[in-house]
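Undergrad: Please find the sequence and the predicted model below.
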Amino acid sequence: MTVQRAAGWAELRARVASVDPSEILPAGVAIRNHPTFFPALAHYTKTVFPIMENQVRDGKILCQLSRFSALCFVIYLDETADPGDPRGGATATRLKEILAQAPYATKSWIRSALRAFEHADMVEAIPMEADRRMRRYKPTPRLIEIGRTGLLTIVEALHQLEPFDRTPEEIVGQPKVVEAHAIALIELLMQHGFSTLPHFPHVLEMLSPDYGHLICSKLIGGIRITLEGEYLSDVPFGELSERFGVSRAHIRNVLSYAAEQGKLEHAVRGGHTIRLDPAFAENWLTYAATDLALHRFVIENIVPERLPA
């Protein structure tokens with residue numbers, strides 16, 4: 001890490017310390033009630049779909065939101081590593097320490113996740129000079145490009161709601177923007193304890209089954225509210241199966257899991273149209289709106305327009 005970059009990340013951390021994230025949740029409610037929310041939502045829920053088109057191995061990695069979070073921490077630890085620390089950076093030990101609050105983050109889970117990331121060319125394992133048996137994991141250009149593609153989709157959705165003074169391509173196109181967003185989001189958690197997920201119990205419930213959040217995101221992205229107040233959506237079994245490499249049987253199992261919790265039901269027996277519980281649907285809709293609000297907050301208050309090279 002160069003001196004210039006270290007100073008840039010120190011400035012970003014100072015910006016995080018100076019902000020008040022309590023305004024993000026009300027901003028999410030405002031976005032949910034925005035007149036153009038649903039077109040923006042349809043674009044937002046494409047975030048992961050273009051990334052994994054014809055990339056089944058990526059789907060198997062990102063089918064768990066916990067693995068996606070671990071990738072963000074790899075980027076964070078790599079970028080903020082002290083160059084004078086021979087054991088610094090993204091190692092299995094450091095990931096275990098930083099994810100200590102997460103019940104799933106056992107030593108075996110972390111090592112398994114790192115092997116999967118390496119196999120998918122998302123991280124590169126580099127033997128450490130201090131101990132050649134240990135590995136430091138660095139994000140690959142492919143991982144950064146995946147992050148950039150997803151971030152661009154989010155910024156485009158925000159631009160539909162309320163235009164920025166720059167184009168989405170200008171915001172996302174500068175070097176180190178993916179790394180800056182990863183650092184900002186993690187520092188918000190570490191400095192302020194802020195995370196969107198604890199505020200949305202229905203979303204948390206659907207993180208248990210693999211692909212649960214992806215399937216629900218697809219359902220929410222295509223939601224339509226009838227004059228009678230029903231929340232309907234269609235399950236594109238073929239599309240989900242092709243893009244993520246997930247079997248139709250597993251998709252049905254995820255839907256059955258949600259149905260057992262009273263979250264949804266088939267609108268027509270044997271059909272692909274799903275009737276969603278209104279409270280469940282609104283919790284997911286507001287979660288999506290709040291995630292959009294979080295990213296606008298980061299862009300406007302934390303990430304500087306010029307980032308360290």
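TA: Looks like it arrived, so ask away.
Undergrad: what number of residues lie near the nearest residue in space to Ser208 that is not next to it in sequence?
TA: Nearest residue to Ser208, sequence neighbours excluded (CB to CB, 6 or more residues apart in numbering): Tyr257, at 7.7 Å. Every C-beta, even on glycine, is put in place using the N, C-alpha and C of the backbone. By the measure other CB atoms under 10 Å, the count of residues near Tyr257 is 15.
Undergrad: pLDDT weak spots in the stretch 51-200 of the chain?
TA: Flagging of the stretch 51-200 of the chain using pLDDT under 70 yields the residue ranges 51-57, 59-60, 62-63, 86, 101-104, 130-132.
Undergrad: now the helices for it?
TA: Secondary structure of the stretch 51-200 of the chain (DSSP state H, counting those that start in this stretch): helices at 56-62, 65-79, 92-98, 107-119, 141-161, 168-173, 177-192.
Undergrad: Mind listing what's buried along the third one?
TA: The neighbour-count criterion (16 or more other CB atoms under 10 Å) identifies Ala92, Arg94, Leu95, Lys96, Ile98 as the buried residues of helix 92-98.
Undergrad: what's the neighbour count on Tyr76?
TA: 23.
Undergrad: I misspoke; the intended subject was Gly229.
TA: Neighbourhood size, Gly229 [other CB under 10 Å]: 7.
Undergrad: Contacts only, for it.
TA: By CB atoms under 8 Å, 6 or more residues apart in numbering, the contact set of Gly229 is Pro278.
Undergrad: And the pLDDT for it?
TA: On pLDDT, Gly229 comes in at 93.
Undergrad: Surely it is within a helix?
TA: No. Judged by DSSP: H, G, I helix; E, B strand; the rest coil, Gly229 forms no part of a helix; its state is coil.
Undergrad: State the distance from it to Leu285.
TA: According to CB to CB, to the nearest Å, Gly229 stands 14 Å off from Leu285.
Undergrad: Let me know the angle separating the helix of greatest length in the chain from helix 177-192.
TA: Ranked by residue count under DSSP state H, the longest helix found in the chain is helix 278-301. Counting by axes from the mean of the first three to the mean of the last three CA atoms, to 10 degrees, helix 278-301 lies at 110 degrees to helix 177-192.
Undergrad: Give the burial count for Gly173, as a bare number.
TA: Neighbours of Gly173 under the rule other CB under 10 Å: 12.
Undergrad: cool, and Arg135?
TA: Neighbour tally, Arg135, other CB under 10 Å: 20.
Undergrad: need the helices of the stretch 51-200 of the chain in a markdown table with distance to Val19, can you?
TA: Converted to a markdown table, those look like this (distance: least, CB to CB, whole Å):
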| stretch | distance to Val19 |
| --- | --- |
| helix 56-62 | 28 |
| helix 65-79 | 18 |
| helix 92-98 | 21 |
| helix 107-119 | 30 |
| helix 141-161 | 18 |
| helix 168-173 | 18 |
| helix 177-192 | 8 |
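Undergrad: Relative to Met134, which of the ones you listed is closest?
TA: Of all the helices of the stretch 51-200 of the chain, helix 92-98 sits nearest to Met134, with 8.0 Å by CB to CB.
Undergrad: can you pull out the strands in the stretch 201-309 of the chain?
TA: Using DSSP state E, counting those that start in this stretch, the strands of the stretch 201-309 of the chain run over 224-225, 231-234, 264-266, 273-276.
Undergrad: Minimum distance to Pro39: which of those strands has it?
TA: Closest among the strands of the stretch 201-309 of the chain, using CB to CB: strand 224-225, at 12.5 Å.
Undergrad: other SSEs contacting the closest one?
TA: Here strand 224-225 touches strand 231-234, going by 3 or more CB pairs under 8 Å, 6 or more residues apart in numbering; DSSP states H and E.
Undergrad: Describe which strands the strand it packs on pairs with in its sheet and in which direction.
TA: strand 224-225 (antiparallel), strand 273-276 (antiparallel) (DSSP bridges).
Undergrad: any idea how far Ile251 is from the most centrally placed residue in the chain?
TA: Centroid check for the chain by CA atoms, centre = their mean gives Phe68 as the closest residue, at 6.3 Å. Distance of Phe68 to Ile251, given as CB to CB: 19 Å.
Undergrad: wait, Phe297 sits on Ala27?
TA: Yes. Between Phe297 and Ala27 there is a contact at 6.9 Å, judged by CB atoms under 8 Å.
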